[in-house]
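Asks: take a look and give me a structure for this.
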Amino acid sequence: LIRVELVVDLGLYCGLGHSELTLSCLALLEKLSSSTKLTTSSRYQRRGDRNKLITVMEKDDEGERIAQALVNSMCLDPREYEVGRLASGYNIKLGVLAFLKNCLAQTPDRPNIAHLLLGFKCQVRDLLIEPLSPWTKGSSLFHAICRLALEYPDFSPEIGFLSWASTMKNACIEVLRLLWSAPLTADLVMGELSAEYSFLQSSRQIPVGPQTTWDGKLTTDEEFFVGTSAVALRDFFCQRTSHYDWVAREIRAAKDNSISSLLVRLQSLMLGSTTLPGEPSTQCLNIFDLFDFMDLDFGPGLVSSSAR
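Replies: Predicted coordinates:
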């Protein structure tokens, strides 16, 4: 690669709102981010083995421009709820989330361009949060993904869990899970999300049972596992798993740091009561309710084949 500066153009193209162009640019950026040739020092800055792509994107605050374009593409658009996976914005969102997830998974112990775009300040080996940055103002790409994870509607009273919407919600949560579980970002992310994420997610948990539908089908339907209904169920399990993981980490952190007030709030949460600052307590699913999926009933075909 002769002109590393082209990564800035690729990043800016992602903000044009053209689905095919955005996905192609993200795919190329992902390939470049995995190149070992781009992790050595660059002519812009003498800093050991600092990632070249990060150095180029930081020049003239280009990374912040790219990140803001991605933030705009991650805003909740009511039109997506009308046409679902056919919406251009829907596919752009999934593309951005897949790009971030893959970059974070490639080098979980070293800063890469995904960290920069999410709002972190990248050093050679670690990360920090700059004062007066989009992160501290709550306007970073990380915060946009948090809002999407909390607000994206994936349930319809008529159809039940919607596979296309639950895939989006799960993709957001998966990026957050990678961040809060990686040693490089865990402290910063858990400190930013704090316990409020636990309470907000708990208040949004939807109870399930034998009569719950998934893309309009019950789990006893003979064709349940050969269509999109199975995708909706899979995403539900992934989201519940991430919820368990986050709450468990919060409890351990509160215990280790002897934050008794937070422990009391988390205990109440486990018992089915959530309280947000300035608001009265509300009821939510307790720790026993969250195992409601044990009551799901599956078709005899699946049971008999498993027995064989």
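Asks: would you map the strands across the stretch 51-200 of the chain?
Replies: Per DSSP state E, counting those that start in this stretch, the stretch 51-200 of the chain carries strands over the ranges 121-122, 127-128, 155-156, 160-161.
Asks: relative to Leu200, which of these is closest?
Replies: Smallest distance to Leu200 across those (Cβ to Cβ): 16.0 Å, for strand 155-156. C-beta here means a position set from N, CA and C on the backbone, and glycine is covered the same way.
Asks: what backbone torsions are found at Thr275?
Replies: Note on Thr275: its backbone torsions stand at phi -130, psi 130 [degrees, to the nearest 10].
Asks: need the contact list for it.
Replies: Phe199, Arg265, Ser268, Ser281, Thr282 (Cβ atoms under 8 Å, 6 or more residues apart in numbering).
Asks: just to revisit the earlier point, out of the strands of the stretch 51-200 of the chain, which one sits most buried?
Replies: Counting by mean count of other Cβ atoms under 10 Å, strand 160-161 has the highest mean neighbour count of the strands of the stretch 51-200 of the chain, with a mean of 22.
Asks: what comes into contact with it?
Replies: For strand 160-161, contacts defined as Cβ under 8 Å, 6+ apart pick out Asp154, Phe155, Ile206, Thr212, Thr213, Trp214, Asp215, Gly216, Ala232, Leu233, Asp235, Phe236.
Asks: those residues, buried ones only, as a PyMOL selection?
Replies: Remark: buried members of the contacts of strand 160-161, expressed as a PyMOL selection using 16 or more other Cβ atoms under 10 Å:
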select buried, resi 154+155+212+213+214+215+216+232+233+235+236
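Asks: which parts of the stretch 201-308 of the chain are strands?
Replies: 273-274, 282-283.
Asks: quick one: Lys255 from Gln267, how far?
Replies: 11 Å (Cβ to Cβ, to the nearest Å).
Asks: neighbours of Leu21, just the number please.
Replies: If you count neighbours by other Cβ atoms under 10 Å, Leu21 ends up with 14.
Asks: doesn't Lys169 make contact with Leu162?
Replies: No - Leu162 is beyond contact range of Lys169, at 9.6 Å (criterion: Cβ atoms under 8 Å).
Asks: shared neighbours, the two?
Replies: Counting by Cβ under 8 Å, 6+ apart, the shared contacts of Leu162 and Lys169 are Asp154.
Asks: now Cys146. Nearest residue, chain neighbours left out?
Replies: Leu176 (6.7 Å; Cβ to Cβ, 6 or more residues apart in numbering).
Asks: residues near the one you found, how many?
Replies: With neighbours defined by other Cβ under 10 Å, the count for Leu176 comes to 18.
Asks: for the one 10 residues further on, same thing?
Replies: Neighbouring residues of Ala186 were enumerated by other Cβ under 10 Å; the total is 14.
Asks: start the count at 154, not 1, going forward
Replies: With the count now opening at 154, the last piece we talked about shows up as Ala339.
Asks: nearest residue to it other than its sequence neighbours?
Replies: Nearest residue to Ala339, sequence neighbours excluded (Cβ to Cβ, 6+ apart): Trp333, at 5.7 Å.
Asks: how much space separates the one you found from Val157?
Replies: 31 Å.
Asks: now do Phe308
Replies: With distances taken as Cβ to Cβ, Phe308 is found 45 Å from Val157.
Asks: for Thr427, same thing?
Replies: Thr427 is 48 Å from Val157, where distance means Cβ to Cβ.
Asks: just give me the closest of the contacts of Thr428 to Lys254.
Replies: Top of the list for closeness to Lys254, among the contacts of Thr428 and by Cβ to Cβ, is Phe352 at 25.3 Å.
Asks: returning to what we had before: okay if I get the contacts of strand 313-314 as a markdown table plus distance to Arg238 and pLDDT?
Replies: What follows is the contacts of strand 313-314, written out as a markdown table (distance: Cβ to Cβ, whole Å; pLDDT from 0 to 100):
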| residue | distance to Arg238 | pLDDT |
| --- | --- | --- |
| Asp307 | 13 | 94 |
| Phe308 | 16 | 95 |
| Ile359 | 21 | 93 |
| Thr365 | 21 | 96 |
| Thr366 | 19 | 97 |
| Trp367 | 16 | 97 |
| Asp368 | 12 | 96 |
| Gly369 | 15 | 95 |
| Ala385 | 13 | 97 |
| Leu386 | 17 | 97 |
| Asp388 | 13 | 97 |
| Phe389 | 18 | 96 |
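Asks: among the contacts of strand 313-314, which are located in helices?
Replies: Members of the contacts of strand 313-314 lying in helices (criterion: DSSP state H): Ala385, Leu386, Asp388, Phe389.
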